[in-house]
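Chemist: Quick check, what structure comes out for this input:
(chains A and B)
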Number of protein chains: 2
Amino acid sequence: MSTDTLSATFAALADPTRRAILGRLARGERNVTELAKPFDMTLPAVSKHLKVLEKAGLIERGRDAQWRPCKLKPKPLGEAADWLGQYRRFWEQSLDRLDEYLRKVQGKDKKP
Amino acid sequence: MSTDTLSATFAALADPTRRAILGRLARGERNVTELAKPFDMTLPAVSKHLKVLEKAGLIERGRDAQWRPCKLKPKPLGEAADWLGQYRRFWEQSLDRLDEYLRKVQGKDKKP
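Modeler: Sure, this is the predicted structure:
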(Lines give C-alpha, C1' and ligand atoms only; values in the text may rest on other atoms or scores of the structure.)
Protein backbone atom coordinates (compact mmCIF):
# COMPACT_ATOMS: atom_id res chain seq x y z
CA MET A 1 0.00 0.00 0.00
CA SER A 2 1.49 3.32 -0.99
CA THR A 3 1.67 6.17 1.49
CA ASP A 4 -0.84 8.10 -0.57
CA THR A 5 -3.43 5.32 -0.36
CA LEU A 6 -3.15 5.38 3.41
CA SER A 7 -3.53 9.19 3.38
CA ALA A 8 -6.61 8.89 1.16
CA THR A 9 -8.12 6.32 3.54
CA PHE A 10 -7.58 8.47 6.64
CA ALA A 11 -8.82 11.62 4.82
CA ALA A 12 -11.98 9.78 3.74
CA LEU A 13 -12.59 8.66 7.34
CA ALA A 14 -12.11 12.19 8.72
CA ASP A 15 -15.78 13.04 8.28
CA PRO A 16 -18.71 11.87 10.45
CA THR A 17 -21.15 11.60 7.51
CA ARG A 18 -18.74 9.42 5.53
CA ARG A 19 -18.17 7.20 8.56
CA ALA A 20 -21.95 6.92 9.03
CA ILE A 21 -22.34 5.97 5.34
CA LEU A 22 -19.80 3.17 5.82
CA GLY A 23 -21.74 2.10 8.92
CA ARG A 24 -24.93 1.78 6.87
CA LEU A 25 -23.18 -0.09 4.06
CA ALA A 26 -21.85 -2.56 6.65
CA ARG A 27 -25.49 -3.67 6.97
CA GLY A 28 -25.88 -4.21 3.21
CA GLU A 29 -25.80 -2.55 -0.20
CA ARG A 30 -27.68 0.74 -0.57
CA ASN A 31 -28.17 3.20 -3.42
CA VAL A 32 -27.68 6.98 -3.13
CA THR A 33 -31.36 7.71 -2.42
CA GLU A 34 -31.45 5.16 0.40
CA LEU A 35 -28.19 6.50 1.82
CA ALA A 36 -29.37 10.12 1.68
CA LYS A 37 -32.58 9.49 3.68
CA PRO A 38 -31.31 9.50 7.30
CA PHE A 39 -28.85 12.36 6.77
CA ASP A 40 -31.26 15.14 5.77
CA MET A 41 -28.86 15.98 2.94
CA THR A 42 -29.37 16.66 -0.75
CA LEU A 43 -28.51 13.89 -3.22
CA PRO A 44 -25.58 15.92 -4.68
CA ALA A 45 -24.12 16.37 -1.17
CA VAL A 46 -24.33 12.62 -0.52
CA SER A 47 -22.92 11.89 -4.00
CA LYS A 48 -19.93 14.06 -3.20
CA HIS A 49 -19.20 12.00 -0.07
CA LEU A 50 -19.65 8.78 -2.06
CA LYS A 51 -17.11 10.00 -4.61
CA VAL A 52 -14.52 10.56 -1.85
CA LEU A 53 -15.21 7.06 -0.45
CA GLU A 54 -15.04 5.51 -3.93
CA LYS A 55 -11.77 7.29 -4.78
CA ALA A 56 -10.28 6.01 -1.52
CA GLY A 57 -11.36 2.48 -2.51
CA LEU A 58 -13.68 2.19 0.50
CA ILE A 59 -16.81 1.61 -1.58
CA GLU A 60 -17.65 0.24 -4.99
CA ARG A 61 -20.64 1.40 -7.06
CA GLY A 62 -22.67 -0.93 -9.23
CA ARG A 63 -22.84 -0.34 -12.99
CA ASP A 64 -26.62 -0.62 -13.18
CA ALA A 65 -27.55 2.94 -14.24
CA GLN A 66 -30.99 2.64 -12.61
CA TRP A 67 -30.01 1.49 -9.16
CA ARG A 68 -26.21 1.84 -8.75
CA PRO A 69 -25.92 0.14 -5.38
CA CYS A 70 -22.95 1.07 -3.17
CA LYS A 71 -21.00 -1.73 -1.54
CA LEU A 72 -18.45 -1.59 1.27
CA LYS A 73 -14.87 -2.47 0.25
CA PRO A 74 -13.12 -3.30 3.53
CA LYS A 75 -9.48 -3.73 2.38
CA PRO A 76 -8.31 -0.12 3.04
CA LEU A 77 -9.90 -0.26 6.50
CA GLY A 78 -7.81 -3.33 7.27
CA GLU A 79 -4.66 -1.57 6.04
CA ALA A 80 -5.42 1.51 8.17
CA ALA A 81 -5.98 -0.79 11.17
CA ASP A 82 -2.62 -2.49 10.47
CA TRP A 83 -0.90 0.90 10.46
CA LEU A 84 -2.52 1.86 13.78
CA GLY A 85 -1.65 -1.58 15.17
CA GLN A 86 2.06 -0.59 15.25
CA TYR A 87 1.15 1.74 18.13
CA ARG A 88 -0.92 -0.76 20.10
CA ARG A 89 1.73 -1.25 22.80
CA PHE A 90 1.68 2.51 23.48
CA TRP A 91 -2.03 2.82 24.19
CA GLU A 92 -2.06 -0.48 26.06
CA GLN A 93 0.85 0.73 28.20
CA SER A 94 -0.99 3.93 29.06
CA LEU A 95 -4.10 1.94 30.02
CA ASP A 96 -1.89 -0.26 32.23
CA ARG A 97 -0.48 2.85 33.91
CA LEU A 98 -4.00 4.20 34.49
CA ASP A 99 -4.98 0.84 35.96
CA GLU A 100 -1.96 0.87 38.26
CA TYR A 101 -2.74 4.43 39.36
CA LEU A 102 -6.39 3.55 40.09
CA ARG A 103 -5.30 0.53 42.13
CA LYS A 104 -2.94 2.75 44.16
CA VAL A 105 -5.63 5.38 44.75
CA GLN A 106 -8.17 2.75 45.78
CA GLY A 107 -5.57 1.15 48.08
CA LYS A 108 -5.02 4.53 49.79
CA ASP A 109 -8.77 4.95 50.29
CA LYS A 110 -8.92 1.71 52.24
CA LYS A 111 -6.20 2.83 54.68
CA PRO A 112 -7.20 6.32 55.85
CA MET B 1 -15.03 10.19 22.34
CA SER B 2 -17.01 12.72 20.35
CA THR B 3 -17.38 12.34 16.60
CA ASP B 4 -15.28 15.46 16.08
CA THR B 5 -12.35 14.02 18.03
CA LEU B 6 -12.37 10.96 15.79
CA SER B 7 -12.51 13.22 12.70
CA ALA B 8 -9.58 15.26 14.02
CA THR B 9 -7.58 12.07 14.61
CA PHE B 10 -8.18 10.72 11.11
CA ALA B 11 -7.50 14.14 9.53
CA ALA B 12 -4.20 14.39 11.43
CA LEU B 13 -3.21 10.91 10.20
CA ALA B 14 -4.06 11.75 6.57
CA ASP B 15 -0.56 13.08 5.89
CA PRO B 16 2.62 11.04 5.37
CA THR B 17 4.87 13.58 7.15
CA ARG B 18 2.64 13.63 10.22
CA ARG B 19 2.58 9.82 10.29
CA ALA B 20 6.39 9.79 9.99
CA ILE B 21 6.65 12.28 12.88
CA LEU B 22 4.53 9.95 15.05
CA GLY B 23 6.81 7.09 13.97
CA ARG B 24 9.87 8.98 15.21
CA LEU B 25 8.18 9.97 18.47
CA ALA B 26 7.37 6.29 19.05
CA ARG B 27 11.14 5.86 19.53
CA GLY B 28 11.35 8.65 22.12
CA GLU B 29 10.82 12.35 22.78
CA ARG B 30 12.21 14.79 20.20
CA ASN B 31 12.18 18.56 19.84
CA VAL B 32 11.20 20.44 16.66
CA THR B 33 14.80 20.76 15.40
CA GLU B 34 15.42 17.03 15.81
CA LEU B 35 12.12 16.21 14.12
CA ALA B 36 12.80 18.56 11.18
CA LYS B 37 16.18 16.99 10.32
CA PRO B 38 15.18 13.89 8.29
CA PHE B 39 12.33 15.64 6.44
CA ASP B 40 14.28 18.35 4.63
CA MET B 41 11.60 20.80 5.77
CA THR B 42 11.77 24.25 7.31
CA LEU B 43 11.13 24.57 11.05
CA PRO B 44 7.88 26.53 10.45
CA ALA B 45 6.61 23.74 8.15
CA VAL B 46 7.34 21.10 10.78
CA SER B 47 5.83 23.32 13.49
CA LYS B 48 2.62 23.51 11.47
CA HIS B 49 2.38 19.70 11.36
CA LEU B 50 3.12 19.52 15.10
CA LYS B 51 0.27 21.96 15.77
CA VAL B 52 -2.17 19.70 13.88
CA LEU B 53 -0.94 16.66 15.85
CA GLU B 54 -1.13 18.56 19.14
CA LYS B 55 -4.67 19.85 18.42
CA ALA B 56 -5.75 16.27 17.66
CA GLY B 57 -4.29 15.19 21.03
CA LEU B 58 -1.74 12.89 19.35
CA ILE B 59 1.28 14.66 20.82
CA GLU B 60 2.06 16.75 23.87
CA ARG B 61 4.70 19.47 23.94
CA GLY B 62 6.88 20.18 26.96
CA ARG B 63 6.71 23.59 28.63
CA ASP B 64 10.48 24.08 28.73
CA ALA B 65 10.88 27.08 26.38
CA GLN B 66 14.43 26.04 25.46
CA TRP B 67 13.82 22.46 24.45
CA ARG B 68 10.04 21.86 24.17
CA PRO B 69 10.22 18.11 23.60
CA CYS B 70 7.32 16.46 21.78
CA LYS B 71 5.87 13.28 23.21
CA LEU B 72 3.52 10.74 21.63
CA LYS B 73 0.02 10.58 23.17
CA PRO B 74 -1.38 7.23 22.07
CA LYS B 75 -4.98 7.43 23.33
CA PRO B 76 -6.59 8.81 20.11
CA LEU B 77 -4.74 6.13 18.08
CA GLY B 78 -6.37 3.47 20.27
CA GLU B 79 -9.78 5.07 19.78
CA ALA B 80 -9.30 5.21 16.00
CA ALA B 81 -8.25 1.53 16.06
CA ASP B 82 -11.39 0.70 18.07
CA TRP B 83 -13.54 2.41 15.46
CA LEU B 84 -11.84 0.49 12.63
CA GLY B 85 -12.16 -2.72 14.65
CA GLN B 86 -15.95 -2.69 14.07
CA TYR B 87 -15.18 -3.58 10.45
CA ARG B 88 -12.66 -6.35 11.19
CA ARG B 89 -15.04 -9.16 10.17
CA PHE B 90 -15.43 -7.55 6.72
CA TRP B 91 -11.74 -7.46 5.82
CA GLU B 92 -11.15 -10.85 7.40
CA GLN B 93 -14.03 -12.28 5.35
CA SER B 94 -12.57 -10.89 2.14
CA LEU B 95 -9.16 -12.38 3.00
CA ASP B 96 -10.91 -15.73 3.61
CA ARG B 97 -12.59 -15.49 0.20
CA LEU B 98 -9.25 -14.70 -1.47
CA ASP B 99 -7.73 -17.70 0.32
CA GLU B 100 -10.56 -19.94 -0.86
CA TYR B 101 -10.19 -18.67 -4.43
CA LEU B 102 -6.40 -19.27 -4.39
CA ARG B 103 -6.92 -22.80 -3.08
CA LYS B 104 -9.42 -23.47 -5.90
CA VAL B 105 -7.08 -22.04 -8.57
CA GLN B 106 -4.11 -24.04 -7.22
CA GLY B 107 -6.32 -27.17 -7.11
CA LYS B 108 -7.20 -26.68 -10.80
CA ASP B 109 -3.51 -26.30 -11.69
CA LYS B 110 -2.80 -29.74 -10.26
CA LYS B 111 -5.47 -31.41 -12.40
CA PRO B 112 -4.91 -30.18 -15.98
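Chemist: just checking, what packs against the longest helix anywhere in chain A?
Modeler: Using DSSP state H to define each element, chain A has its longest helix at helix A:88-110. Counting contacts by 3 or more CB pairs under 8 Å, 6 or more residues apart in numbering or on different chains; DSSP states H and E, helix A:88-110 packs against helix B:75-85. The way it works is simple: take the backbone N, C-alpha and C, and place the C-beta from them, glycine included.
Chemist: List the buried residues for the helix it packs on?
Modeler: Under the neighbour-count criterion of 16 or more other CB atoms under 10 Å in any protein chain shown, helix B:75-85 has B:75-81, B:83-84 buried.
Chemist: Turn those into a markdown table, columns for distance to chain A.
Modeler: A markdown table is the format used below for these (distance: CB to the nearest CB, whole Å):
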| residue | distance to chain A |
| --- | --- |
| B:Lys75 | 6 |
| B:Pro76 | 9 |
| B:Leu77 | 5 |
| B:Gly78 | 3 |
| B:Glu79 | 8 |
| B:Ala80 | 6 |
| B:Ala81 | 4 |
| B:Trp83 | 7 |
| B:Leu84 | 4 |
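Chemist: got a markdown table for these, with pLDDT and distance to B:Glu92 too?
Modeler: Converted to a markdown table, the buried residues of helix B:75-85 look like this (pLDDT from 0 to 100; distance: CB to CB, whole Å):
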| residue | pLDDT | distance to B:Glu92 |
| --- | --- | --- |
| B:Lys75 | 94 | 26 |
| B:Pro76 | 96 | 24 |
| B:Leu77 | 97 | 21 |
| B:Gly78 | 95 | 20 |
| B:Glu79 | 95 | 21 |
| B:Ala80 | 97 | 19 |
| B:Ala81 | 97 | 15 |
| B:Trp83 | 97 | 16 |
| B:Leu84 | 97 | 12 |
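Chemist: Please state the offset of stretch A:39-58 from the chain centre?
Modeler: 14 Å (CA atoms, centre = their mean, to the nearest Å).
Chemist: List the buried residues for the longest helix of chain A?
Modeler: Burial within helix A:88-110, assessed by neighbour count using 16+ other CB under 10 Å, is assigned to A:90-91.
Chemist: Return the distance of that helix from the chain's centre.
Modeler: Centroid displacement of helix A:88-110 relative to its chain, using CA atoms, centre = their mean, is 29 Å.
Chemist: go on, stretch A:56-70?
Modeler: For stretch A:56-70, the distance to the chain centre is 19 Å (CA atoms, centre = their mean).
Chemist: What are the contacting residues of the longest helix of chain A?
Modeler: B:26, B:72, B:74-75, B:77-78, B:81 (CB atoms under 8 Å, 6 or more residues apart in numbering or on different chains).
Chemist: So which residues on chain A come close to chain B?
Modeler: A:3-4, A:6-11, A:13-16, A:19, A:22-23, A:26, A:72, A:74-75, A:77-78, A:80-81, A:83-88, A:90-95 (CB under 8 Å from any CB of the partner chain).
Chemist: Now with 7 Å, please.
Modeler: For chain A, the residues in contact with chain B (CB under 7 Å from any CB of the partner chain) are A:3, A:7, A:10-11, A:13-16, A:26, A:72, A:74-75, A:77-78, A:80-81, A:84-85, A:87, A:90-91, A:94.
Chemist: So what's the residue count around the residue lying closest to A:Thr42 once chain neighbours are set aside?
Modeler: Distances taken as CB to CB, 6 or more residues apart in numbering or on different chains put A:Ala36 closest to A:Thr42, at 7.4 Å, once the chain neighbours are dropped. Using other CB atoms under 10 Å in any protein chain shown, A:Ala36 is surrounded by 20 other residues.
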